[in-house]
Each structure stands twice: as C-alpha cells, then as structure tokens.
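Need coordinates for the following:
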Amino acid sequence: MAQQRSLQISAPAADKRLTLEQERFNFLIRQIEQVRQARVDLEARILKFRQAQSQKMQPLRATLSNICRDSVIAMDRILDQRGWTRLDQSAIRGLLCDTAEALLEANPHDEELKSLFGKHSRTDFDAAKQDDLERLKAHAEEFTGIDLGDDEDIRTEEELIQRLYEQMAAREAAAEATKSSRRKSAAQQRSEDNAQLARQSLREVYRKLASALHPDREPDPARREEKNALMQKINQAYAANDLLTLFETQMQIEQIDAQQIGKASTERVKQYNKLLSEQLARLKSAMKETESGFRMDFGLPPTGEIGARALDLLIQRQARHMRAEISQQQQFMQVLNDKAALKRWLKQQRRFASGRYDLDDDD
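Numbering: from 1, shown residues only. Just a heads-up that it's a prediction; the model follows:
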C-alpha cells in the first residue's frame, strides 16, 4: 500500500486562498500530529526512566527489604529474652509490627512475617487490613454519600477505589441524563444538532473505509490479513472518534488525498473541524494525565521539565536516599545485636518522644 502523505489542504490555484475552515482544518491536523508525537516522546522517556530506575533501584530495595526482614526476626528473638522492662517490650513490639506491616504491604504472601505480626499484634495481618479497608469504605461513603455495596465484593483498596469511581461516574451520568431531559435552549439544541452532524460525517468516512477494507471480500490470504489489521485499526478509531486516523487510513489505501478533502463543502469541513478539535482536546488531556500520573508516582513537582538529564538526576538522588536508608538499617541491626546499646537507644527514643533531652528516664 502507498506511503502516508501529508494531510494538508493547499490552495487550488495561485490566485486563490484557503477558506477559514480549510485553514483551521490544516491547523488542527498539525496540532494533533504535534501532540501525538509529543506524547510518543514523553512515553518513551518515561519507559526509559522506569527501566533505568528499576535496574538501579531494585537491588537496593531488595537489600533494604532483607535487612528490615532480618530486623523483625531479631526483634522477635529479643522479645523472648529476659531483662526488658514493659516500656522496652512495648516499644520493640510496636517497631516490630510496624516494620512487618510495611514489608507485608509489599509482599503479602510472606507467611513467616504474618506469623510474627500476629504473634506480637492484637490481631493477625489479614484481619487488620480488613478492618482498615472497612474504615476506609465507611469514610468514603460518608464523604461522598455513595453506597459502595457489600463488603464481600471489595477485598482490596484498589477494588474499593475502582468501585467508588464507577459509582461516581454512574451518579454523574444520571445527573447529566436528568439535566438533558429538561427543556433545552435553542443554543443547546443547535450544539446537539451540530454534534450529530459531525458524528454522521465520521460515520460516512468509516463506512467508506469499511466497505473497501472488509477482509471477507479479499481472496488473497496475505492481503486479507493486512486488511483485517486495518479493519481493527479503523474500528478502534471510529469508537474513539479519531477522525485523523480514519483520514490517514484512507490516504494509505489511496482512497482519498488532501485535495479531495479540500473540495468538500464548507459545512462538511466545519463538521470535520469539530471532530478534530474534540480529538485534539482529548489528546492533550490524555497527555496531561500521563504526565501528572508519572509525576505523582515518583514525587516530581507538578511543573518543570521532564528531560533525560532531570530524570537521571532523580535516579541518582533516589539511589543516594536508598543507600542512606540501608546504612541506617545496618546500624540498627548492630544495635539489635547489643543489648546494652539497644537499651540506650530505646531510652533515647523515649526522650525524643517526650521532648526530654537532658533528663534521665525512670524505667
């Protein structure tokens, strides 16, 4: 099939100019192509960063996790020893449970840690997480006024959040339906009519493509496979109101060229522009969502460049922090192996908690 050509309308003659709608069509096409490429570039940078970050950080995370796990086992052994005050036992037990819980959040299938958590906590880990989930569910229902249904259907925080989003979307859809059922103004009716005409234009482009590409009508096996792939592509584009992809596919199979689009009526080009404008808005929104999600995942500021240099520096900074945590945990393991040092450390922690930095504690 032919290579993709530029989808830009040009003036039919040197002494003629494009109409405003044709100029807007060209502008929207360029904008969509630029945002598409910008999103591809952003996703490539993010993927490269995630791979580099995983390669650098995963060994450090594993080292830290192993040291923390060893500390839980060491604290369990310490609590079986004599010579600890109730205050010491309570502090060690609390630290043990907090550390075990954090590790189990990352690996809930560590049965030995679950057993140690249950041994030193008032409840077992699974029951504790279920209690937390029920409290979170009750808070969400009270805050939003949405009934999230039976607890048996929600087993994780992810399922709770998904259920909440679904219920909120359903409520918004119902409110929108109620709103649209009221008497519409002339402007609202015109807007809906224009949207319907634009959708009809999209449907016409799709049907023309589907008629030309239907794989059942192709006797050649290789061509049939190619057409089947293109049919899947245009089906997805039609479902997403992606007019540009439909146009590009038409050009790919030499069904149209840019000048044929230029010969369309002003009203038809206006309908195309409505679809393209909406597509551009969706692309910008999706790109912003991708960038915002990435920034939130890795604690980046809401604004600023996400360039290769900035991401490299972020990985270096994260690695330094992780190595510092490993060093602290290694030092703490040394404290756990020295009873006198641990007693001093526990006394120091109580002083910090109470603000008494220069007074002795009475155990």
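
can you tell me how far Arg93 sits from Ser265?
79 Å (CB to CB, to the nearest Å). No exception for glycine: its C-beta is placed from N, CA and C like everyone else's.

okay, those two: which has more neighbours?
Arg93 (16 against 9; other CB atoms under 10 Å).

Leu336 touches Ser71, doesn't it?
Yes. Contact criterion CB atoms under 8 Å: Leu336 and Ser71 qualify, at 6.2 Å.

For this structure, which residues score under the pLDDT cut-off?
Regions of the chain meeting the criterion pLDDT under 70 cover residues 1-5, 14-15, 150-153, 177-191, 193, 356-363.

and the residue nearest to the spatial centre of the chain, what element?
Among the residues of the chain, the one closest to the centroid is Gly293, at 5.0 Å (CA atoms, centre = their mean). For Gly293, the element it lies in under DSSP states H and E is helix 266-297.

Then Tyr206?
Applying DSSP H and E as the criterion places Tyr206 in helix 186-213.

Next: Thr99.
helix 86-106.

helices and strands around that helix, which ones?
helix 20-79, helix 111-120, helix 125-144, helix 339-354 (3 or more CB pairs under 8 Å, 6 or more residues apart in numbering; DSSP states H and E).

Give me the helices and strands touching the second one, please.
Applying 3+ CB pairs under 8 Å, 6+ apart, one finds that helix 111-120 makes contact with helix 20-79, helix 86-106, helix 125-144.

list the contacts for Met57?
Residues near Met57 by CB atoms under 8 Å, 6 or more residues apart in numbering: 315, 318-319, 322.

and with 10 Å instead?
Counting by CB atoms under 10 Å, 6 or more residues apart in numbering, Met57 touches 64, 315, 318-319, 322.

Which among these count as buried?
64, 315, 318, 322 (16 or more other CB atoms under 10 Å).

Quickly find the element holding the last one.
Secondary-structure assignment from DSSP H and E places Met322 in helix 308-336.

Please report phi then psi for Asp124.
Per-residue torsions, Asp124: phi -80, psi 170 (degrees, to the nearest 10).

Excluding chain neighbours, what is closest to it?
Gly118 (4.0 Å; CB to CB, 6 or more residues apart in numbering).

In this structure that neighbour contacts Asp76, no?
No. Proximity of Gly118 to Asp76 does not meet the contact threshold set by CB atoms under 10 Å, at 11.4 Å.

before we move on, the earlier item: so can I have TSV of the helices and strands packed on helix 86-106 showing distance to Asn241?
Shown next, in TSV, are the helices and strands packed on helix 86-106 (distance: least, CB to CB, whole Å):
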stretch	distance to Asn241
helix 20-79	12
helix 111-120	49
helix 125-144	30
helix 339-354	59
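
contacting residues for the residue nearest to Arg61 when sequence neighbours are not counted?
Spatial nearest neighbour of Arg61, chain neighbours left out: Met322 (7.0 Å); criterion: CB to CB, 6+ apart. Going by CB under 10 Å, 6+ apart, Met322 touches 56-57, 59-61, 63-64.

Nearest residue to Leu113 in space, please, no chain neighbours.
Nearest to Leu113 is Ala100, by CB to CB, 6+ apart, at 4.9 Å.

Neighbours of that neighbour, how many?
Neighbour number of Ala100 under other CB under 10 Å is 29.

any idea how far Arg295 is from it?
Using CB to CB, one obtains 31 Å as the distance from Ala100 to Arg295.
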